[in-house]
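Asks: structure here, sequence nowhere to be found:
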């Protein structure tokens, strides 16, 4: 599942998979702009059948922050 | 082909999806459609797209541009005037039809209902696309209807990133743009082969009999009757229908002869392979007899074992998964049509295709009883040059872009390029029709010559595969050569460009006495002295 998450991130940010890790932080990555962020959120919701609340979207600062939604811990 | 997708809202995700498979213009922001089209310095202008898609969000257009003294109808009118002003002939414009994401537009005159705005846009678009042959409609409305507005749009991504379409909505649009481009470049299939039992009718004829199979105007029978209506419509768009079924021929034929509820008739199918042989073998024979590639064929069968065997043995044949619920059958057939056979324009050739192929089957059975020469003579073939090729641009387009086997150079030209060449008198278009005692074959061959610096070149020689093997090509080439001689040329140049599919004509020119100038694995260049060329064999009468 983490592998799939990384694939999606790499795909949307148009990065090489090996440059993407769970630790990748939004503010350090130029390609992770606000538009890419929306695409990430909707794509991940779709792929993992989870829901990220509207007011929580901005709290996601790194790749690993998606995990709790994917794992249904929220 | 270069494409651009423009919008007045954010459609970046759609562009991004398409950029993986298309040479697509990477938009800088959105909304400034007319500016970038107008401005000769813009990045869009430099990109020079061949096809521009306009995904216009009506709601956004209306709410942004309707000011105090204008009404939505003026905004729509204005939009079409602007697009008309910037249009150029060498670009194709594909404009989305009208759909509003919400059902109420607050703040706009209450009396004007959403439906009226949508229908005004569609009305304008309809006449606009009829008036301009480089304008097409993009049917976003049907996509939205299929999913429903709730699914097609996403309020969340709208508020987060001004992206109006949901993920799945974006995917639908991107997929459909792909399908549109496939239809535009004529890359669709030609032959639809159908099974009989539980595919053309319900039940098994061998057990239930000609009148016992389920085909009627109610219940289960209705599903198959509606399916036959759909197949019949597909046939009318120029798709050749055939049968591959494991049955006794007499049993199957009896259903066509005796069951009054059948929509499709025996002669709607060009070839009927009804026997106990392997389906893959029957499909192979159909491909050979019709002279089409296996990759031009779609095969529908309810039986998963049969499907699997065909897929295994003939991987080039398209074998769609049969619906698991039979009430989804009609929708499934529509999808097969859209995915594999959909055409943007129909020519008169398309409409009589079944008839033409049926005549061919009759010709072939004659061929088996006579010597080759007697057979050709007995056909009483007449080939004629078409006076004004400009009246047949659709057919020229097909001969250039859809002919794979009898195609000496396999150069593809867009409709726009064809039009330019027709207006350029260094090019000559020789377009031929052909009829014989079995009927009219329609327009079957195109030769294009180019003259330059006192030299004449044959740059295109294509012929429909349905008249191959009758030495008609000898007559056609003779005609062109004689014509060029009349224009004062002493020799004529030609070439063959190697492709996997055009192998049948690999040695055409040398067989007809052309001298090989250069030859390598991909290309052969030839020259023929028009004064000393030898007499050709053909059994064709010229006609006017």
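Replies: That came through, no problem. Please read all numbers here as calculations on a predicted model, not as lab measurements.

Asks: what about the chain, any weak spots by pLDDT?
Replies: In the absence of a named chain, chain A is used. A:73-74 (pLDDT under 70).

Asks: other chain: chain B
Replies: B:28-31, B:104-112, B:543-544.

Asks: can you tell me the SS state at the residue most central in space within it?
Replies: Against the mean C-alpha coordinate of chain B, by CA atoms, centre = their mean, the closest residue is residue B:186 at 3.7 Å. Following DSSP: H, G, I helix; E, B strand; the rest coil, residue B:186 is assigned to coil.

Asks: residues touching residue B:180, list them.
Replies: By CB atoms under 8 Å, 6 or more residues apart in numbering or on different chains, the contact set of residue B:180 is B:94, B:136, B:138, B:344. In short, each C-beta sits where N, CA and C put it, glycine included.

Asks: what separation do you get for the second one and chain A?
Replies: If you measure residue B:136 against chain A using CB to the nearest CB, to the nearest Å, the figure is 29 Å.

Asks: confirm that residue B:364 sits in a helix.
Replies: Yes: assessed by three-state DSSP, residue B:364 belongs to a helix.

Asks: surely it meets residue B:289?
Replies: Yes: between residue B:364 and residue B:289 there is a contact at 6.9 Å, judged by CB atoms under 8 Å.

Asks: which pair of the contacts of residue B:180 spans the longest distance?
Replies: B:138 and B:344 (11.2 Å; CB to CB).

Asks: who has more neighbours, those two?
Replies: Per other CB atoms under 10 Å in any protein chain shown, whichever of residue B:138 and residue B:344 has more neighbours is residue B:138, with 22 against 13.

Asks: can you tell me which residues contact that one?
Replies: Residue B:138 neighbours (CB under 8 Å, 6+ apart): B:53-55, B:94-97, B:176-177, B:180.

Asks: looking at chain A, which residue is nearest chain B?
Replies: Closest contact between chain A and chain B, by CB to the nearest CB, is at residue A:38 (3.3 Å).

Asks: go through the contacts of residue B:138 and name the one nearest chain A.
Replies: Using CB to the nearest CB, residue B:55 is the member of those that lies nearest chain A, at 16.9 Å.

Asks: beta partners for that closest one?
Replies: Following DSSP bridges, residue B:55 is listed with bridge partners residue B:7.

Asks: number of residues surrounding residue 26?
Replies: Since you didn't name a chain, this refers to chain A. Residue A:26: 17 neighbours (other CB under 10 Å).

Asks: meant chain B actually
Replies: Residues within reach of residue B:26, counting by other CB under 10 Å, total 12.

Asks: is it in contact with residue B:11, as I believe?
Replies: No: contact criterion CB under 8 Å: residue B:26 and residue B:11 do not qualify, at 11.9 Å.

Asks: all helices of the stretch 351-500 of chain B, in order?
Replies: Counting by DSSP state H, counting those that start in this stretch, the segments of the stretch 351-500 of chain B that form helices are B:353-367, B:372-379, B:393-402, B:415-422, B:472-486.

Asks: helices or strands up against the fourth one?
Replies: So that's helix B:415-422. The contact analysis (3 or more CB pairs under 8 Å, 6 or more residues apart in numbering or on different chains; DSSP states H and E) places helix B:415-422 against helix B:393-402, strand B:427-436.
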